[in-house]
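J.: Here is my input, please return the structure:
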Amino acid sequence: FSPPDQLVKTLSASDKRAFVSYENVVQIPNQATFHQNLEHDLRIAFSAKDREESESYSTGSTFFISKSMKPRCFLEALALNVFDAHVRPI
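T.: Alright, predicted model coming up:
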């Protein structure tokens with residue numbers, strides 16, 4: 001997987017509203033294969049199982065990507081870009 005430099009557009013640091021919604025903030029690197037690649041990544045990442053009555057939480061895996069890691073798939077690249085969009089103004 002070779003992610004583009006920026007999947008998420010730069011957001012304004014001066015916007016102090018409690019809730020902000022942006023249109024077209026995610027840049028799709030290859031429209032032709034985007035849906036196939038996204039569905040593939042989502043199927044791999046989704047591992048939630050039904051919660052047992054005796055358990056507080058459902059089972060499954062969680063995922064983490066460090067800022068210093070190279071993304072291995074589109075979902076990781078998107079997560080890092082969303083993170084960057086939030087911390088870039090700081």
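J.: quick one, strands of this structure?
T.: Assigned by DSSP state E, the strands in the chain number zero.
J.: What does the pLDDT read for the most far-flung residue of it relative to its centre?
T.: Residue farthest from the centre of the chain, counting by Cα atoms, centre = their mean, is S54 at 31.6 Å. Note on S54: pLDDT of 84.
J.: Distance check, it against S47.
T.: The spacing between S54 and S47, counted by Cβ to Cβ, to the nearest Å, is 20 Å. All C-beta spots, glycine's among them, are computed from the backbone N, C-alpha and C.
J.: Please apply the same query to D84.
T.: 26 Å.
J.: Identify the residues contacting the closest residue in space to A48 that isn't next to it in sequence.
T.: Closest residue to A48 apart from its sequence neighbours, by Cβ to Cβ, 6 or more residues apart in numbering: G60 at 4.1 Å. G60 makes contact with 46-49 under the criterion Cβ atoms under 8 Å, 6 or more residues apart in numbering.
J.: measure the residue nearest the centre of the chain to E55 for me?
T.: Residue closest to the average C-alpha location in the chain (Cα atoms, centre = their mean): A79, at 3.0 Å. Going from A79 to E55 by Cβ to Cβ gives 27 Å.
J.: next one: H40
T.: 30 Å.
J.: residue boundaries of the helices in the chain?
T.: With helices called from DSSP state H, the chain shows them at 31-45, 74-87.
J.: Just name the most buried of the ones you listed.
T.: Neighbour counts (mean count of other Cβ atoms under 10 Å) averaged over each of these peak at helix 74-87, with a mean of 17.
J.: That helix - what's its average pLDDT?
T.: Rounded mean pLDDT across helix 74-87 is 83.
J.: chain center to that helix, what's the gap?
T.: In terms of Cα atoms, centre = their mean, to the nearest Å, the centre of helix 74-87 is found 6 Å from the chain centre.
J.: Would you mind pulling up the elements that that helix packs against?
T.: When contacts are defined as 3 or more Cβ pairs under 8 Å, 6 or more residues apart in numbering; DSSP states H and E, helix 74-87 packs onto helix 31-45.
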